[in-house]
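Asks: dropping a prediction and its sequence here:
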Amino acid sequence: MKLLQLPPADLRRQLAGSGVWMRTGPFSLRVQSDVPDVAEGLAQLYGQFEVRSTHEAFADFHVSVKSTSGLRRWIRPQVGFDFDGVRPFKPLPRDQAFPMLEWGLNWCVSTQAHHYLIIHAAVVEKHGRAAILPAPPGSGKSTLTAGLVLSGWRLLSDELTLIDRKTGRIQPLPRPVSLKNQSIDVIRRFDDEAFINRASHDTVKGTVAHMRPPRDSVLRQHENAQPAWVIFPKWEAGAATRLTPRSQAQTFMFLAQNAFNYSHLGADGFRVGTALIDQAACYDFRYSDLAEAVAAFDALAEPAA
Amino acid sequence: MPRDLLVRTLRTPDSVVRFSMGEWDVLIRQARAAGLLARLAHRFHRNGLTDAIPAGARWHFAAAGTLAERQRTAVRWELANIRAALADIDVPLVALKGAAYVANGSPAADGRLFNDIDILVPRERLPEVENALMLAGWHASPLSDYDKRYYRRWMHEIPPMQHIQRETVIDVHHAILPDTARYRPDSAKLRSRAAPAGETPGVCVLAPEDRILHAATHLFHDGELPHGLRDLTDIDLLLRDAATPEFWPRLLARADELQLLRSLYYALRYTAHFLATPVPEHVWAALEPAAPNRALRLLMDAVFTRALAPDHATCADRFTPAARLAAYVRAHWLRMPMHLLIPHLVHKAFVSPYQEAGAPKAA
Amino acid sequence: MHGAAATRLLKCWGDEAVVYDSESGDTHYLKPLTLALYQTCREHPQSTPDAIAAAIAQRLSVHDTPHFRELVEEVLEELEKIGLLESP
């Protein structure tokens, strides 16, 4: 059953009770929350994901976003994220409850799922080939990712690129795309049919909202993909759209330093990372116009005549 | 769902072949909370049970195994670096606890997760050792002045030292219990029986019986029990590895010599309770004079059967919070005279609060 | 100089390389000069630094100047520090 088939009142009730079981990519979750924004965010952004309304016995991650107790709840209410009794974050204002769930789920995957090499990058796919987009914050990676998946590219992941250690292929985890500050307006203008939820303000990352992942991307979430490119995007006002090759060795070093768990995997991290770079063409990508950027990617992905 | 699902599985790994998905779910979560996911994976592997793990659950064990293996390599490397840092001052270097198990290739190292590296050096050499480590890049961890004084004056170790690049932490001990403790085993006696570690040149480990006694003392005197069950599994593995007919009398004699019979009693009692460690009848008989009276025994059982269980919601009953507190207070009572204990606990509670954002508990 | 082999994994792309040290868990980047030096040392073990500098200069088609030798020595020290080479 899909989450959108669950009546909203039932969703809220289950979340506030023993929790909702759902599957996102390769991971099953049991989510609990007493915060209305969380129910709303799930209903709006996770509609195509599988849920089970009967009590499902096994879940990879048992998580909750709940109001914290104490005197604060009357003055400035706060919420906390819990992963099976562990609280990795300090409490946040209740307005940030839904982003907190997203950050919490990313935290669970990146600290536990060591059967993957987990790169801090977005990843999208077209014509059977995947482009990994690592980028430091502020480089416009999420705007570009959103633009691409609104233009026919498949969303594999917005934040965590999962490389299967055994096969070298990318495992999709097509959860909502996070957008910050100006990106929110840029994407609204780019495609007025894209669904973006209510923004949370004053987070550590500024104003944050999430875009619903394309239906097709979610339906195909169990279809893994072959990596073909590692492309470092950088948005620069007025810049001409340009793709320039970059050093494979230096790209590898960047990934090793920026992956969540490269150093946890020992020699196997080196093996998987170098095998990835062997298969992938590495580029720097500069752009200022989103539509032109998408066109450049489309041209790159075009199968050779 | 039984609160002791993890414990029963450790005792009888075969029982998993009949597990429901619900039981696998709770087992994995209890094991993760206890820091035993990798050890459990190892036990399954040794018993040919890896295929019995449902496909959807397998990655949890594999991921934990990856971490344990990586940490083992890191401990070996760290020991090599410590050895190199101390080479010029020619001080005997004894590895303790987890680091010792790795140095020696002991079964207790398999599937184990490590926090800090613990080493034992002679007390009179402490300043030189501290200096040599600082030269090699380890510096004192940021602690409040109060905590620093507490460490130096009362504890049996200097404050933890953290390496500036690798961020690994060493605990440098000069004894296995603080000066202020009620029972004070002589650390020179321990060091005199230390032997070269099986797999690591330049590093020594305590004699088998001393390693067990140290683990027992640490567990029942050190108070913080976040890894209680894991430490019990260490003792269980060490005992099973060492157990020969000649070993038990040696262990008892040594415990008597070092005045650690009570700790040994508790260690054996609770490894037998949780993990069914085989202990010969004559050992119980020999320990009887050192055992607590019946009333105290019942109280300790109530406390430790709860305080040593994994720190997970599915393992707790309504007495668990009180039991954990009791274990903590007891350990500190044993380590410090009463007039020092209350100021310390009060200080901890009211003057040094800290945020709950601890390190990720990965497997 | 001879290469300290088995615990180090080397991967080359063009004239650059990356190395993994399985003992320490460290990963290193070798820029072109460093890689060329490393490979030369492995091909000619037991050579002196001067001989190596000469061989490298020839390989890279550059002049074997005193400045170049200094550079070579620095890089050799670096390689030694990360454990890729050992002085006899």
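Replies: Received the coordinates, thanks.

Asks: can you give me the buried ones in the helix or strand harbouring A:Leu156?
Replies: Assigned by DSSP states H and E, A:Leu156 falls within strand A:154-157. Within strand A:154-157, the residues that qualify as buried are A:Arg154, A:Leu155, A:Leu156, A:Ser157, counting by 16 or more other C-beta atoms under 10 Å in any protein chain shown. No exception for glycine: its C-beta is placed from N, CA and C like everyone else's.

Asks: got it, and stretch A:155-168?
Replies: Going through stretch A:155-168 with 16+ other C-beta under 10 Å, the ones that come out buried are A:Leu155, A:Leu156, A:Ser157, A:Asp158, A:Glu159, A:Leu160, A:Thr161, A:Leu162, A:Ile163, A:Arg165, A:Gly168.

Asks: I'd say the first one and A:Pro176 touch.
Replies: Going back to what we said before, that points to A:Leu155. No - with contacts counted by C-beta atoms under 8 Å, A:Leu155 stays clear of A:Pro176, the gap being 9.4 Å.

Asks: what sits closest to residue 22 if chain neighbours are left out?
Replies: I'll assume chain A. If you skip the residues right next to it in sequence, A:Met22 has A:Val51 as its closest partner in space, 4.6 Å away by C-beta to C-beta, 6 or more residues apart in numbering or on different chains.

Asks: wait, I meant chain C there
Replies: Nearest residue to C:Ser22, sequence neighbours excluded (C-beta to C-beta, 6+ apart): C:Thr7, at 4.6 Å.

Asks: swap in B:His214?
Replies: Distance criterion C-beta to C-beta, 6+ apart; nearest residue to B:His214, sequence neighbours excluded, is B:Ile176 at 5.3 Å.

Asks: ok, now which ones touch the residue of the stretch 151-300 of chain A found nearest chain B?
Replies: Nearest residue of the stretch 151-300 of chain A to chain B: A:Gly266, at 4.8 Å (C-beta to the nearest C-beta). Counting by C-beta atoms under 8 Å, 6 or more residues apart in numbering or on different chains, A:Gly266 touches B:Thr66, B:Glu69, B:Arg70, B:Thr73, C:Ser22, C:Gly25.

Asks: before we move on, what about B:Leu96?
Replies: Going by C-beta under 8 Å, 6+ apart, B:Leu96 touches B:Asp118, B:Ile119, B:Leu120, B:His173, B:Ile176, B:Leu206, B:His214.

Asks: min pLDDT across these, which one?
Replies: When the contacts of B:Leu96 are compared by pLDDT, B:Ile176 scores lowest at 75.

Asks: can I assume that one is in contact with B:His218?
Replies: Yes - with contact defined as C-beta under 8 Å, B:Ile176 counts as touching B:His218 (7.2 Å).

Asks: how far away is the residue lying farthest from the centre of chain A from chain C?
Replies: Taking C-alpha atoms, centre = their mean, the residue of chain A most remote from its mean C-alpha position is A:Leu71, at 34.4 Å. Here A:Leu71 is placed at a distance of 46 Å from chain C (C-beta to the nearest C-beta, to the nearest Å).

Asks: what about B:Leu252, neighbour count?
Replies: Look at B:Leu252: counted by other C-beta atoms under 10 Å in any protein chain shown, it has 18 neighbours.

Asks: can you check A:Ile132 too?
Replies: When neighbours are counted by other C-beta under 10 Å, A:Ile132 registers 25.

Asks: so it sits in a strand?
Replies: Yes - secondary structure of A:Ile132 (DSSP: H, G, I helix; E, B strand; the rest coil): part of a strand.

Asks: before we move on, back to that, name the member of the contacts of A:Gly266 with the most neighbours.
Replies: Neighbours here are counted as other C-beta under 10 Å. On that basis the top member of those is B:Thr66, with 23 neighbours.

Asks: backbone dihedrals for that residue, please?
Replies: Torsion angles at B:Thr66 (phi, psi; degrees, to the nearest 10) stand at phi -60, psi -50.

Asks: how about it, nearest residue that isn't a chain neighbour?
Replies: For B:Thr66, ignoring the flanking residues on the chain, the nearest one in space by C-beta to C-beta, 6+ apart is A:His114 at 4.6 Å.

Asks: cool, and B:Ala41?
Replies: Nearest residue to B:Ala41, sequence neighbours excluded (C-beta to C-beta, 6+ apart): B:Phe61, at 3.8 Å.

Asks: what of A:Phe98?
Replies: On the basis of C-beta to C-beta, 6+ apart, the spatially nearest residue to A:Phe98 that is not a chain neighbour turns out to be A:Gly41, at 3.6 Å.

Asks: show me what contacts the one you found?
Replies: Going by C-beta under 8 Å, 6+ apart, the list of residues near A:Gly41 reads A:Ala97, A:Phe98, A:Leu101, A:Asn197, A:His210.

Asks: isn't there a helix covering it?
Replies: Yes - counting by three-state DSSP, A:Gly41 falls inside a helix.

Asks: related to what we said a few turns ago, residues near the residue nearest to C:Ser22, how many?
Replies: Counted with other C-beta under 10 Å, the neighbours of C:Thr7 add up to 12.

Asks: buried set for the strand or helix carrying A:Tyr283?
Replies: Secondary structure here is read from DSSP H and E; on that basis A:Tyr283 sits in strand A:281-287. Neighbour-count burial for strand A:281-287, counted by 16+ other C-beta under 10 Å, picks out A:Ala281, A:Cys282, A:Tyr283, A:Phe285, A:Arg286, A:Tyr287.

Asks: nearest to B:Ser263, of those residues?
Replies: Within those, distances to B:Ser263 taken as C-beta to C-beta reach their minimum at A:Cys282, with 58.8 Å.

Asks: ok, the residue nearest the centre of chain A - contacts?
Replies: In chain A, the residue lying closest to the centroid (C-alpha atoms, centre = their mean) is A:Asp158, at 3.2 Å. By C-beta under 8 Å, 6+ apart, A:Asp158 lies in contact with A:Ala122, A:Ser142, A:Thr145, A:Pro174, A:Arg175, A:Pro176, A:Val177, A:Ser178.

Asks: by neighbours, which of those wins?
Replies: Most surrounded of the contacts of A:Asp158: other C-beta under 10 Å gives A:Thr145, at 30 neighbours.

Asks: quick one, what contacts whichever residue of the stretch 101-250 of chain B sits closest to chain C?
Replies: Using C-beta to the nearest C-beta, the closest approach of the stretch 101-250 of chain B to chain C is made by B:Arg166 at 8.7 Å. With contacts defined as C-beta under 8 Å, 6+ apart, the neighbours of B:Arg166 are B:Glu78, B:Gly137.

Asks: how about 7 Å then?
Replies: Residues counted as contacts of B:Arg166 (C-beta atoms under 7 Å, 6 or more residues apart in numbering or on different chains): none.

Asks: can you check the one 4 residues further on too?
Replies: Listed by C-beta under 7 Å, 6+ apart, the contact partners of B:Ile170 are B:Ile82, B:Asp116, B:Ile117, B:Ile119, B:Leu133, B:Trp138, B:Pro160, B:Met161.

Asks: how about a cut-off of 8 Å?
Replies: B:Glu78, B:Ile82, B:Asp116, B:Ile117, B:Asp118, B:Ile119, B:Leu133, B:Trp138, B:Pro160, B:Met161, B:Gln162, B:His163.

Asks: of those residues, closest to A:Gln5?
Replies: Closest to A:Gln5, out of all of those and judged by C-beta to C-beta, is B:Asp116, at 50.7 Å.
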